[in-house]
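**Q** pasting the sequence and the predicted model now:
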Amino acid sequence: MTSPEQACPFCQRLFSKTIIHENDLTVSFLPNLRLVRGHALVIPKRHVEPPELLTPEESVAIMQEIERLRLLMLEHFGPGVDVWQKSRPQLPQGHNGTKVDHIHFHVLPSDPDSEIYEKGIIWTFDHFSPTTEQEAGEVIPYLQDAPKG
Ligand SMILES: [Zn+2]
């Protein structure tokens, strides 16, 4: 049977030609499919899927690399930077030809002149709804609870 590591394009290091930076815990690289010029991914070297399985050391190393990249992107690629981590275990690896289960953080230069900025990286005002007192009363207790996982 195939292990998650054997089936994982990141553990198989399919990005080996576009590595940006690597240390004992993390590696950052340019994905083979990018949204904007400079779009980078940061991953733990160990195969981890849900974020809660990252060690504290991996979490710190990932955040340090994100911050290093963010500062360089501000310097070289655009006036802003977006960071995304999507947890979508409901979708199988390979969904849409791009989904990889190995946790990864997208670090994207945010340039108002780029097409993708207009299409999705920013939210326009009409995407927002007011947070009502009732909704706050319902949602906050869920988010103050101790996670069961
Ligand atoms: Zn992996």
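**A** That came in fine, so what should we check first?
**Q** so F15 makes contact with L30?
**A** Yes: with contact defined as C-beta atoms under 8 Å, F15 counts as touching L30 (7.4 Å). (Glycine included, C-beta is placed from N, CA and C.)
**Q** need the residues touching each of those two.
**A** Common contacts of F15 and L30 (C-beta atoms under 8 Å, 6 or more residues apart in numbering): L41.
**Q** buried sites along stretch 63-83?
**A** E65, I66, L69, R70, L72, M73, F77, G78, G80, V81, D82 (16 or more other C-beta atoms under 10 Å).
**Q** ah, wrong one, I meant stretch 40-58
**A** A40, L41, V42, I43, P44, K45, H47, V48, E49, L54, E58.
**Q** is the ion contacted by it?
**A** Yes: applying C-beta under 5 Å from the ion, one finds stretch 40-58 touching the ion at H47.
**Q** quick one: that stretch to chain centroid distance?
**A** Relative to its parent chain, stretch 40-58 has a centroid offset of 10 Å by C-alpha atoms, centre = their mean, to the nearest Å.
**Q** what's the mean pLDDT across it?
**A** For stretch 40-58, the mean per-residue pLDDT is 96.
**Q** which residues sit against it?
**A** Under C-beta under 8 Å, 6+ apart, the answer for stretch 40-58 is 4-5, 8, 10-11, 15, 20, 22, 24-31, 61-62, 65-66, 69, 73, 85, 87, 89, 101-108, 147, 149.
**Q** also stretch 66-86?
**A** 20-21, 28, 37-38, 40, 42, 51, 103-112, 114, 121.
**Q** one more pass at 10 Å, please.
**A** Where contact means C-beta atoms under 10 Å, 6 or more residues apart in numbering, the residues beyond stretch 66-86 that reach it are 20-21, 26, 28, 35-42, 51, 62-63, 99, 103-114, 117, 120-122.
**Q** this protein: helices as residue ranges?
**A** Secondary structure of the chain (DSSP state H): helices at 56-76, 115-116, 133-144.
**Q** in TSV: those, plus distance to G94.
**A** Formatted as TSV, the helices of the chain follow (distance: least, C-beta to C-beta, whole Å):
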stretch	distance to G94
helix 56-76	24
helix 115-116	23
helix 133-144	32
